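>>> Predicted coordinates and the sequence they were generated for:
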Amino acid sequence: MSRLKSFRPSPALAVSIVALVVAMGGSAVAATTLLIHTKDIANGAVTTGKLHNGSVTNHKLANGSVGLNKLNLKLKNELNTAATPRGIVTGPQGAKGDTGSQGPKGDTGSQGPKGDTGATGPQGPAGPAQLESWSACTATLCLDAPPQGPKGLDGSAGWGWDNSANAPVSQLTVGTPASFTVTVMSQADSHPATITLTYSSQDLSLGSTASDGTVGSNPFDRGGVETFSYPAGFHNTDKSVGFTFTPQNATAEALVTATVQVDGQQASETFPVAITNS
């Protein structure tokens, strides 16, 4: 004989039986007590939909029945899914701040290495100090040398002495007239005599009248040569005659040669000078 299997009614069946009994008994039958234990309810039988709102309160929940980890995870999920307005990414530009005060001066850096020596430039033109006159004399006739300063010959011919520079005149300016002196030194009382000046008409122009009133002549009818005649000679004495030249163009060296002839004898001297534009 087989053993009967124990029968345990489900919670739903139990509720149905009780309801049937009450219905059949009418108002005279009343269920006084209905006891359903935890073991009578199958796992998962009570769902959220079966619970009345507010039926499960805080004091109905046993300690630890709802873990903090599950609550934190639920809150986190809800926060992540909640729609929140996006903030302004970039705010308006603020006003420019005041300029800060200047900081202290830094220390002087160390001196750098010496640079290479530059290339030598081209040599400039010869200065007036290098200009020297030269002469040709005879035993009884010569021309005085130009002034050479305290340490040189004390001549009185040529372009004269520059008092402001305290030196012989060695430079002329274009367009500015300049005095030129010829001093004849003769030991013979002979005559007639002439003074002839030769020069470049590109550098200088010469006035036709000497300082003693003698008027010159040009034997070649061209610039660069002028002869002044003295029929009575110089009578055994030094004779100084002044002439006026006007510089025409700038040049490093303009030459004027004075030639004196007395009774067949001849002496000459050449006087260089520089001409500048200013």
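Great, that's in hand. Numbers count the residues shown, from 1 in each chain.
>>> distance of the nearest residue to residue 158 once chain neighbours are set aside from residue 109?
Computed as CB to CB, 6 or more residues apart in numbering, the closest residue to residue 158 that is not its neighbour in sequence is residue 146, at 2.9 Å. Every residue, glycine included, has its C-beta placed from N, CA and C. Here the distance between residue 146 and residue 109 works out to 57 Å (CB to CB, to the nearest Å).
>>> Give me the more crowded residue out of the two.
When residue 146 and residue 109 are compared for neighbours, residue 146 comes out ahead with 28 against 6, by other CB atoms under 10 Å.
>>> doesn't residue 133 make contact with the more buried one?
Yes. Look at residue 146 against residue 133 with CB atoms under 8 Å: they come within range, at 5.4 Å.
>>> Between those two, which contacts overlap?
Residues touching both residue 146 and residue 133 by CB atoms under 8 Å, 6 or more residues apart in numbering: 158, 271.
>>> so after the lowest-mean-pLDDT helix or strand in the chain, what's the next helix or strand?
Of all helical and strand segments in the chain, the minimum by mean pLDDT, DSSP states H and E falls on helix 68-81, at a mean of 55. The helix or strand immediately downstream of helix 68-81 is strand 134-136, counting by DSSP states H and E.
>>> residues making contact with the next helix or strand after that next one?
Downstream of strand 134-136, the next assigned helix or strand under DSSP H and E is strand 141-143. With CB under 8 Å, 6+ apart as the contact definition, strand 141-143 has outside contacts at 135, 137, 157, 182-188, 258, 260, 262, 265-269.
>>> Can you flag which of those belong to strands?
Judged by DSSP state E, strands contain the following of these: 135, 182-186, 258, 260, 262, 265-269.
>>> Against residue 211, how distant is residue 187?
Using CB to CB, residue 187 is found at 24 Å from residue 211.
>>> can you check residue 155 too?
Residue 155 is 18 Å from residue 211, by CB to CB.
>>> Between these two, tell me which one has more neighbours.
In this view residue 155 and residue 211 are compared by other CB under 10 Å, and residue 155 has more residues nearby, 18 against 15.
>>> Where does pLDDT dip in the protein?
1-89, 123-132, 149-154, 236 (pLDDT under 70).
>>> Next, the distance between the ends of stretch 255-268.
13 Å (CA to CA, to the nearest Å).
>>> which residues are in contact with it?
135-138, 140-143, 157, 180, 182, 184, 186, 188, 190-200, 203-204, 233-234, 245, 269-273.
>>> which among those residues end up buried?
Buried by 16 or more other CB atoms under 10 Å: 135, 141-143, 157, 180, 182, 184, 186, 188, 190, 193-199, 203-204, 233-234, 245, 269-273, out of the contacts of stretch 255-268.
>>> Quick check: bridge partners of residue 205?
Residue 205 has these beta-bridge partners by DSSP bridges: residue 246.
>>> surely it meets residue 224?
No. Taking contacts as CB under 8 Å, residue 205 lies outside contact range of residue 224: 9.6 Å.
>>> Let me know the distance separating residue 250 from residue 276.
On the measure of CB to CB, residue 250 and residue 276 end up 5 Å apart.
>>> Residue 259 too?
Taking CB to CB as the measure, residue 259 falls 27 Å from residue 276.
>>> Same check on residue 147?
21 Å.
>>> Just want to know which of these two has more residues nearby.
Legend: neighbour count by other CB under 10 Å for residue 147 and residue 276, higher for residue 147 (21 against 13).
>>> Bridge partners for that one, pull those for me.
For residue 147, the beta-bridge partners are residue 154 (DSSP bridges).
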